[in-house]
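# Need a 3D model of the following:
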Amino acid sequence: MSVIEREFNAVAADYESNRLAEWYKAHAGVILDACAPLDGGDVLDVGCGTGYLLRTFLARSPGARGVGVDIAGNMVNRAAALARRDGIDNARFIHADWETLDTRDLDDYAFRLVFCANAFHYFSAPGCAAEKLCRVLTDGGTLYVLERNKSNSPLTLMWGWLHRHWIKDNVEFYSLDELTTCFKNAGFGDVKVVRTINRLLWKNKLYTSVALLKCTKN
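Numbers count the residues shown, from 1 in each chain. All right, here's what the predicted structure looks like:
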């Protein structure tokens, strides 16, 4: 079991109620504000955690189907339980590492929309992970990526150094230019920065530097 899987298994039970819950829910809100509901078709959430973003989106898009993928089994189990609690029966949750998941397991779906919120920095091979995100989308489909942004953020740079050299969990934070280049190289024809947030003391977090990218598969 990886360091990341252990970390998120340990916090699954109170992930939507702990000190940082409002911070993660606010990130979901940034994505939800940027994308319209689906009147049909399928949506994929990679690194879905306890499924807050996917559940909220599907409540607004009852005609769509949703799939959530997460590396932590406890997160997936919690996501499924919360979906049942909320009466959301159009969601499926899969315990898997996105980087090794065989996408043929998703052949029954046609994803018009993919979310990846606060997960991309965990991928050990970001280029390959981005190509897979592009591959599972239908033509004209959209990927929304919300990621830490180290551009003009010394604190994010410091955390990146600590993850790489002290925590040693393969976490890597990127600049806007690096993220944009990565997704363009992965096959997305149009990559736009929709929003950036650089705030002190936002949603119980000391400092936040994140960016939302909209990547369209042409």
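# could you pull out the strands for the chain?
For the chain, applying DSSP state E gives strands covering 42-46, 65-70, 91-95, 111-117, 137-148, 190-202, 205-216.
# next one: the fifth one to chain centre, how far?
Right, strand 137-148. On the basis of Cα atoms, centre = their mean, to the nearest Å, the separation between the geometric centre of strand 137-148 and that of its chain is 10 Å.
# how about low-confidence regions in the protein?
For the chain, the stretches flagged by pLDDT under 70 are 154-155, 157-163, 165-168.
# so which of the strands of the chain comes closest to Ile4?
The closest of the strands of the chain to Ile4 is strand 65-70. By Cβ to Cβ, the value is 10.3 Å. Placement of C-beta: from N, CA and C, glycine included.
# Take that closest one, keep the C-alpha atoms, and write them as PDB.
What follows is strand 65-70 as a C-alpha-only set of coordinates in PDB (Å, rounded to 0.1, in the frame of the first residue of the first chain):
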ATOM      1  CA  ARG A  65     -24.300   8.700 -14.900                       C
ATOM      2  CA  GLY A  66     -21.200   9.200 -12.800                       C
ATOM      3  CA  VAL A  67     -18.100   7.200 -12.000                       C
ATOM      4  CA  GLY A  68     -15.700   8.000  -9.300                       C
ATOM      5  CA  VAL A  69     -12.200   6.500  -9.100                       C
ATOM      6  CA  ASP A  70      -9.900   6.800  -6.000                       C
END
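# quick revisit: make a markdown table out of the strands of the chain and add mean neighbour count and distance to Pro126.
Putting the strands of the chain into a markdown table (neighbours: other Cβ atoms under 10 Å; distance: least, Cβ to Cβ, whole Å) gives the following:
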| stretch | mean neighbour count | distance to Pro126 |
| --- | --- | --- |
| strand 42-46 | 26 | 12 |
| strand 65-70 | 25 | 16 |
| strand 91-95 | 20 | 21 |
| strand 111-117 | 23 | 11 |
| strand 137-148 | 20 | 10 |
| strand 190-202 | 13 | 14 |
| strand 205-216 | 20 | 13 |
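# need the contact list for Ser175.
Contacts were defined as Cβ atoms under 8 Å, 6 or more residues apart in numbering; by that measure Ser175 touches Asn149, Lys150, Ser151.
# quick one: Val194 and Lys214 touch, right?
Yes. Checked against Cβ atoms under 8 Å, the pair Val194 and Lys214 is within contact range at 5.0 Å.
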